[in-house]
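Undergrad: no sequence on hand, only this structure:
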């Protein structure tokens, strides 16, 4: 490489003169934040600094890194990157360092580190006497419209030298996280937002680097965080230093006063070599002024702590039952082997020519703040027994486990709770919903699933029968074991009360369908708003006293929320109250969920949920014989021709929890609300809050709401968010008396 530089300088007088000028630059040392840095007065860099144009000016000049626009004297070395990417190694004609290089992409493409960091690592491995560096498009890049790296001989960057002399655990270098053989450290001197990576392999280094990058904020209008990057290979390790930024220039650049500095910090500056193109400023600079400039372009302490918090936080592991079938088709994305099939055979799993008790495919190593897809399941049924039931292929993060259970195979996704929530929020509603509404939903979905996990694991330890959670359910279980299967005699009254809770899963914590929470992996588009909602509420749960809240929710309460006992077990949850869905629960107020606003409904509902539009009030009309046949099919009881239907008990919202169905042969009494909805529909009636009218042979059901109505009303909460309510206020409205992560929620606190 040194010979290449010599050959270039021998034929390019301009570059040769500028390299000779390096011998005459003025240099002085100074302490900045505990790091000994260098100030370099180099008037030749004034020309280069002038080339750093604003976005509006870039299109007006010819790109000096494009091959057709380079001086005829400029020669190059070729370098082959990964996946067909190619680079030209060039001598920088306006050098800061000896043997200063520019490595430009062979085609005109915007400055971006996406999919190019591994090429930087490969350069460092091949030319291990050099440090390679990258200026983000708004962090010092002189050509933000043409991708390029720069390079200089190792040993010239003070920040690099200081970090290399430090060991993990020593003062100033704190270990944060690992990915396989790569480790990440926080450098606590000089300025905020400095992180160091050390790795044995380029693959692990890349995963950890992109995970770090994903934990930083991306400014509006940008495609990546603001940062500078150094990469080099030493002592058998790939090493990188990332310096996050808040802005390109400090106020000093724009000042017309005595504190003016003609300095636009880039990689060299943030590495401890401050280029001062004006001699007067070179002598004027003192520690106070320099540290002020550095602080302005660096992250704030809060921004730095946010990145560190995202890197070190953890999440509980959740087992989600996604699908069950005799055969399961799937793909593991990391191996490229394509579609595979597991088949139930003799009580075991037939896969790839052998029989197994269980298959387990590990998750991909995370390279982002939230996990990326690891596998695909084909032909997953969603909306089981609902009007939108259908099959689709779905992608999932986390690990895949396939188990044989009696007469079927079950696919279980093992995933972190927060990664699970990212999907739940996008699956339950549109990813374009307002952020405060999504935050509220993230908290209740997390609270609910954490409560289910705790309950499921307690049950598995005590080995009680499925569905047995208290004395009434134990009686029901024992009765079902001895109950005869024959039809009751004509003229008798047959009664059964049944509710569908989430405690009947033996092999996993929760299922993936509406029976628990709608979870469709990473199939639905996950927008930035969803990521922000889960990220900003990470770990937050609702509590009632010291207990996790069983935070139920439904699409539309219909105007009044419902109590727990109407829909499930005969117990009450103090935070699930039958209150009006109005401001301050005022009986005379306007109901939040009474809306036909298409924009709001579009935020809450996915496309298939909008296949029906009558959420708040609805009507279903049956022919008497049609309904008689439907009840017989759905209940398995021959009632004859329907004579009458009469509510025997209702909840405070008007939802029927005990319904008498009188037929010409038998009378059937059924409950609770979901079983009533199931018997009176080929899928599920929208809710059990309905009035019954007989008009000749027509049976008319006039209903209210969609779902059980307990807890948060999704449409109502979306309307609240559109009216300016914060997520804490939304939670207090639907779960009164609860606390959020141990803090009492009050309206004053939210304001």
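TA: Ah, there it is. Being a predicted model, the structure only gives us computed values, none of them experimental.
Undergrad: please count neighbours and contacts with C-alpha atoms only from this point.
TA: Fine.
Undergrad: tell me the mean pLDDT for the longest helix anywhere in the chain?
TA: Longest helix in the chain by number of residues (criterion: DSSP state H): helix 435-462. In this model, helix 435-462 has a mean pLDDT of 84.
Undergrad: ok, now stretch 313-322?
TA: Rounded mean pLDDT across stretch 313-322 is 92.
Undergrad: and that stretch, how far from the chain's centre?
TA: 14 Å (C-alpha atoms, centre = their mean, to the nearest Å).
Undergrad: what do you get for stretch 10-24?
TA: Centroid separation between stretch 10-24 and its chain, computed with C-alpha atoms, centre = their mean, is 51 Å.
Undergrad: now stretch 654-674
TA: Distance, stretch centre to chain centre, for stretch 654-674: 43 Å (C-alpha atoms, centre = their mean).
Undergrad: got the end-to-end distance for that stretch?
TA: Start-to-end span of stretch 654-674 (C-alpha to C-alpha, to the nearest Å) is 14 Å.
Undergrad: again with stretch 219-238
TA: One end of stretch 219-238 sits 29 Å from the other (C-alpha to C-alpha).
Undergrad: buried residues in it?
TA: Buried residues in stretch 219-238, counted by 16 or more other C-alpha atoms under 10 Å: 224-234, 237-238.
Undergrad: what segments of the stretch 201-350 of the chain are strands?
TA: With DSSP state E, counting those that start in this stretch as the criterion, the stretch 201-350 of the chain has strands at 227-234, 237-244, 273-276, 317-325, 327-332, 340-345, 348-351.
Undergrad: how about the ones you listed, which one is nearest residue 129?
TA: Nearest to residue 129, of all the strands of the stretch 201-350 of the chain, is strand 227-234, at 8.0 Å by C-alpha to C-alpha.
Undergrad: the closest one to strand 237-244, inter-axis angle?
TA: Relative orientation of strand 227-234 versus strand 237-244 (axes from the mean of the first three to the mean of the last three C-alpha atoms, to 10 degrees): 170 degrees.
Undergrad: can you lay out the strands of the stretch 201-350 of the chain as JSON lines showing distance to residue 639?
TA: JSON lines is the format used below for these (distance: least, C-alpha to C-alpha, whole Å):
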{"stretch": "strand 227-234", "distance to residue 639": "73"}
{"stretch": "strand 237-244", "distance to residue 639": "72"}
{"stretch": "strand 273-276", "distance to residue 639": "89"}
{"stretch": "strand 317-325", "distance to residue 639": "33"}
{"stretch": "strand 327-332", "distance to residue 639": "38"}
{"stretch": "strand 340-345", "distance to residue 639": "39"}
{"stretch": "strand 348-351", "distance to residue 639": "42"}
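Undergrad: closest to residue 736 out of the ones you listed?
TA: Checking those against residue 736 by C-alpha to C-alpha gives strand 317-325 as the closest, at 27.8 Å.
Undergrad: next, the angle from the closest one to strand 340-345.
TA: Using the same axes, to 10 degrees: strand 317-325 against strand 340-345 is 70 degrees.
Undergrad: which strands and helices sit next to strand 317-325?
TA: Packing contacts for strand 317-325, counted by 3 or more C-alpha pairs under 8 Å, 6 or more residues apart in numbering; DSSP states H and E, involve strand 375-382, strand 408-416, strand 510-511.
Undergrad: pairing partners for the helix or strand following the first one, with directions?
TA: For strand 375-382, the following helix or strand on the C-terminal side (DSSP states H and E) is strand 390-396. According to DSSP bridges, strand 390-396 has the following sheet partners: strand 375-382 (antiparallel).
Undergrad: next, the angle from the strand it pairs with to strand 408-416.
TA: Using the same axes, to 10 degrees: strand 375-382 against strand 408-416 is 120 degrees.
Undergrad: buried stuff in strand 375-382?
TA: For strand 375-382, burial by neighbour count (16+ other C-alpha under 10 Å) applies to 375-378, 380-382.
Undergrad: cool, and stretch 674-693?
TA: Quick answer for stretch 674-693 (16+ other C-alpha under 10 Å): 674-681, 683-691.
Undergrad: can you tell me which of the strands of the stretch 201-350 of the chain is nearest to residue 63?
TA: Of all the strands of the stretch 201-350 of the chain, it is strand 227-234 that lies closest to residue 63, at 21.8 Å by C-alpha to C-alpha.
Undergrad: in what helix or strand does residue 621 lie?
TA: Using DSSP H and E, the element containing residue 621 is strand 617-623.
Undergrad: what is the mean pLDDT for the helix or strand that that strand is followed by?
TA: Sequence-wise, the next helix or strand downstream of strand 617-623 (DSSP H and E) is helix 624-635. If you average the pLDDT over helix 624-635, you get 94.
Undergrad: which strands or helices does helix 624-635 pack on?
TA: Judged by 3+ C-alpha pairs under 8 Å, 6+ apart, the packing partners of helix 624-635 are strand 642-650, helix 673-679, strand 698-704.
Undergrad: deepest-packed of those, please.
TA: Most buried of these by mean neighbour count (mean count of other C-alpha atoms under 10 Å) is helix 673-679; its value is a mean of 23.
Undergrad: and residue 130, what is it in contact with?
TA: By C-alpha atoms under 8 Å, 6 or more residues apart in numbering, the contact list for residue 130 reads 124, 151-154, 232.
Undergrad: how near is it to residue 137?
TA: Distance from residue 130 to residue 137, counting by C-alpha to C-alpha: 22 Å.
Undergrad: swap in residue 261?
TA: 21 Å.
Undergrad: check residue 106 too.
TA: Distance of residue 106 to residue 137, given as C-alpha to C-alpha: 18 Å.
Undergrad: same check on residue 651?
TA: Distance from residue 651 to residue 137, counting by C-alpha to C-alpha: 61 Å.
Undergrad: how many neighbours does residue 723 have?
TA: 10 (other C-alpha atoms under 10 Å).
Undergrad: over to residue 448?
TA: Quick note: residue 448 (other C-alpha under 10 Å) scores 21 neighbours.
Undergrad: could you point out which residue ranges in the stretch 451-600 of the chain have low pLDDT?
TA: In the predicted model, the stretch 451-600 of the chain carries pLDDT under 70 at residues 457-491, 500-504, 515, 524-526.
Undergrad: try it again at 50.
TA: 482-485 (pLDDT under 50).
Undergrad: quick one: the strands in it?
TA: Under DSSP E, counting those that start in this stretch, the stretch 451-600 of the chain gives strands at 493-497, 510-511, 542-544, 547-548, 553-554.
Undergrad: helix, strand or coil: sort out residue 716 for me.
TA: Under the three-state scheme (DSSP: H, G, I helix; E, B strand; the rest coil), residue 716 adopts helix.
Undergrad: ok, it - contacts?
TA: 556, 581, 591-594.
Undergrad: among these, name the ones in helices.
TA: Among the contacts of residue 716, no member falls in helices (DSSP H).
Undergrad: now distance to residue 79 and neighbour count too, for those residues, in JSON lines please.
TA: Formatted as JSON lines, those follow (distance: C-alpha to C-alpha, whole Å; neighbours: other C-alpha atoms under 10 Å):
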{"residue": "556", "distance to residue 79": "60", "neighbour count": "30"}
{"residue": "581", "distance to residue 79": "65", "neighbour count": "27"}
{"residue": "591", "distance to residue 79": "66", "neighbour count": "21"}
{"residue": "592", "distance to residue 79": "62", "neighbour count": "22"}
{"residue": "593", "distance to residue 79": "61", "neighbour count": "26"}
{"residue": "594", "distance to residue 79": "63", "neighbour count": "20"}
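Undergrad: perfect, I'm done here.
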